[in-house]
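Q: Could you look at this predicted model? Sequence included:
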Amino acid sequence: MPTWRLPDRIGWRDHIIGAALGIAYVVWLLNTAPSLGFPRDEGVYFRAGESYVRWWRLWLSTPVEALKPSAIDGAWSVNSEHPPLMKTLFGVSWWFLHEQLHVFKDATTAFRFPGMASAALAIWTTYIFGARAYSRSAGLVGACLLGLMPRIFFHAHLACFDVPITGMWILCVYIHWRAQRERSIVLAIATGVVFGLCLATKHNAWMLPAACIPHAFFVQRKEIWAGLRSGCLSVPASVVAMVILGPLVLYALWPHLWNDPLGRASAYMQFHLNHEYYNIEFLGKNYFSPPSPKSYLPVMVLATVPTISLALAAVGMGDRARVGAIRLAGWLRTRVHFTQGDGVGVDPAETDLLLALSFAVAVGPFFLPKTPIFGGTKHWLPAYPVLAMFAGHGFTLVRQRMHDVLGPWIERSAGRMGRWGADAVLALSVLVGPLAVTAHSHPFGLSCYVPLVGGTAGGASLGLNRQFWGFTTQSAAAEYLNARAPRGATVFIHDTTWDSWARMQQEGRVRADLRAVGSPSEADFSLVQHELHMNEVDYSAWVAVGTDAPAYVVQQDGVPIVSIYARR
């Protein structure tokens, strides 16, 4: 019986597979987004997006008026401490998909849609990169495991920058890798352009050249050395493109820089280099100033990334490290004994080196004592596509071993269909756990921890942070206040911003008659979002309402997330 199979060469069919994975993920995000509340930063980015798109509309209609310094500064001074690309896309999506075309009935989903599309980009790129670098099964399982990380899933819902920079980062690394492998000037130019888009997405992009530039020089070391011997300096084209085109793309996309490029670029960099150090709980201790604990990143990775993903990544990394050791031993043997190397594991594109550098650069700053840790895991999300690719490679190795051991018996028992069935069962056994954990994490994604540490309850017992940004108010309001609060009641909204509360009321998530106030003493109902450094808010609410017994507690797996106190 004839069977259908993909050609050996990775091509357009694989892009269809990657795109399908990304689209399926976006559909999942769209279905779950309405139950997720508003983090603090989203309200600011909503306003910035509206401001930016108004300026672009003015530029399209009356460019002379739009290019006046007062018009530029008036529009682009909103949230000028962050680069413009995603906020512009948030605004464009809001304007076209909500205001004009009515694709989304609520403004929030339209604002959030570009962030969701960025998650699709990350998954798509992880698949195609993994397929080209290792195998289709590595790309497929790696892409799925990336999407089934609870923290990726949480942040992918939001009109923020953390998942977008993850997608842009791995796309830039992939195009740079292709440029080195194929020595293509077109791909080199594309690397510079995409790096510019990275710079316009989030400040994490400043670190990306520390991975790409050393890799490019190492790949082209023979040509560079030959050029030096003849008196010429040869620089890889992708490096030149990143250095020149990257800043130019950022400048073109960010009108805020136009009136004072050097001064405003310097102010932007100083803001992030000297960022204030917000509170975060870790292992029962509140950190509000340096030094940061060096164990923070490894512990949080173990506690938030599904354990099967980490185990497979360890298998994949171990295999690539073994190949690297063999290559190094062969190189040393040729230098010591002047023999010809055996070529074991030769890779002209030095894929493993690039992935290792990309991973190390993304996580490295979090071992420095002055790096703030207030963002939890979100600031090192660009490391996770590489982790997922190694996990996919680990899956391929396990699959090969399974067929080595069980293959003859499977072939005798069920033939080719049995082989496919065994592959499907193995893939299901790998993916079902991360899927269950990720689905269960919603809508309290920052409270969720993996079973290795005891789940949500285990994370709370260990003293790991339950939440930040005040995004959990919607769950409290939807489940209690809308049903129980008297008309016109006042509500202390605690860590939720006024922008977020107004947005919830505009979209009917919270009753419009409820009035937000700034302290428990003014409130009929007081919300307390449980974070270690906010314990005193509990005491203020007890005094104000006359009891220490909450009227309602929003919880996950028995762990209090938000307590609501009602005045007697």
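A: Now that the structure is in, tell me what you want to look at. Numbering: from 1, shown residues only.

Q: Show me the shaky parts of this protein.
A: Applying pLDDT under 70 to the chain flags the ranges 1-4, 335-345, 411-417.

Q: try it again with 50
A: 1-2, 338-343 (pLDDT under 50).

Q: Mind telling me which residue is nearest the centre of it?
A: Val163 (2.9 Å; C-alpha atoms, centre = their mean).

Q: Show me what the host helix or strand of Thr108 packs onto, helices and strands only.
A: Take DSSP states H and E as the rule and Thr108 turns out to sit in helix 107-133. Other elements packing on helix 107-133 under the criterion 3 or more C-beta pairs under 8 Å, 6 or more residues apart in numbering; DSSP states H and E are helix 12-32, helix 40-61, helix 85-93, helix 136-147, helix 150-156, helix 162-182, helix 384-441, helix 498-506. For every residue, glycine as well, the C-beta is placed using N, CA and C.

Q: For these, give me CSV that also has distance to Trp469.
A: Formatted as CSV, those follow (distance: least, C-beta to C-beta, whole Å):
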stretch, distance to Trp469
helix 12-32, 18
helix 40-61, 4
helix 85-93, 17
helix 136-147, 22
helix 150-156, 11
helix 162-182, 12
helix 384-441, 16
helix 498-506, 9
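
Q: related to what we said a few turns ago, what's the distance between the residue nearest to the centre of the chain and Phe154?
A: Here the distance between Val163 and Phe154 works out to 9 Å (C-beta to C-beta, to the nearest Å).

Q: Surely the residue nearest to the centre of the chain and Ala122 touch.
A: Yes - the criterion here is C-beta atoms under 8 Å, and Val163 meets it with Ala122 at 6.7 Å.

Q: which neighbours do those two share?
A: Overlap of the contact sets of Val163 and Ala122 (by C-beta atoms under 8 Å, 6 or more residues apart in numbering) consists of Ile152.

Q: Contacts only, for the nearest residue to Arg178 once chain neighbours are set aside.
A: Excluding the flanking residues, the one nearest Arg178 by C-beta to C-beta, 6 or more residues apart in numbering is Leu187, at 5.0 Å. Contacts for Leu187 (C-beta under 8 Å, 6+ apart) come out as Ile175, Arg178, Ala179, Ser238.

Q: and the gap between Leu187 and Trp124?
A: As judged by C-beta to C-beta, Leu187 and Trp124 stand 17 Å apart.

Q: picking up where we left off before, for the contacts of Leu187, which two are the farthest from each other?
A: Pairwise distances across these peak at 9.5 Å for Arg178 and Ser238 (criterion: C-beta to C-beta).

Q: quick one, which of the two is more surrounded?
A: Higher neighbour count among Arg178 and Ser238: Ser238, with 31 against 20, using other C-beta atoms under 10 Å.

Q: Let me know whether the more buried one touches His215 as I believe.
A: No - Ser238 lies out of contact with His215 (C-beta under 8 Å); the separation is 9.4 Å.

Q: Contacts only, for the nearest residue to Met402 once chain neighbours are set aside.
A: Leaving aside its chain neighbours, Met402 sits nearest to Leu426 (6.1 Å; criterion: C-beta to C-beta, 6+ apart). Counting by C-beta under 8 Å, 6+ apart, Leu426 touches Phe395, Val398, Arg399, Met402.

Q: likewise Val528?
A: Counting by C-beta under 8 Å, 6+ apart, Val528 has contacts His494, Met534, Val537, Asp538, Ala541, Pro550, Val562, Ser563, Ile564, Tyr565.

Q: right, and the fifth one touches Phe525 too?
A: No - counting by C-beta under 8 Å, Ala541 does not reach Phe525; the two are 9.6 Å apart.

Q: Domains in the chain, by residue range?
A: Domain assignment of the chain by automatic domain parsing yields the ranges 12-385, 473-566.

Q: List just the one of those that sits closest to Ala436.
A: Of these, nearest to Ala436 by C-beta to C-beta is domain 12-385, at 9.2 Å.

Q: now do the same end-to-end measure for that closest one.
A: Terminal residues of domain 12-385 are spaced 21 Å apart (C-alpha to C-alpha, to the nearest Å).

Q: mind starting the numbering at 666 from now?
A: Let's use 666 as the start, then, which means that last one is domain 677-1050.

Q: distance between that domain and the chain's centre?
A: Mean-position distance between domain 677-1050 and its chain equals 8 Å (C-alpha atoms, centre = their mean, to the nearest Å).
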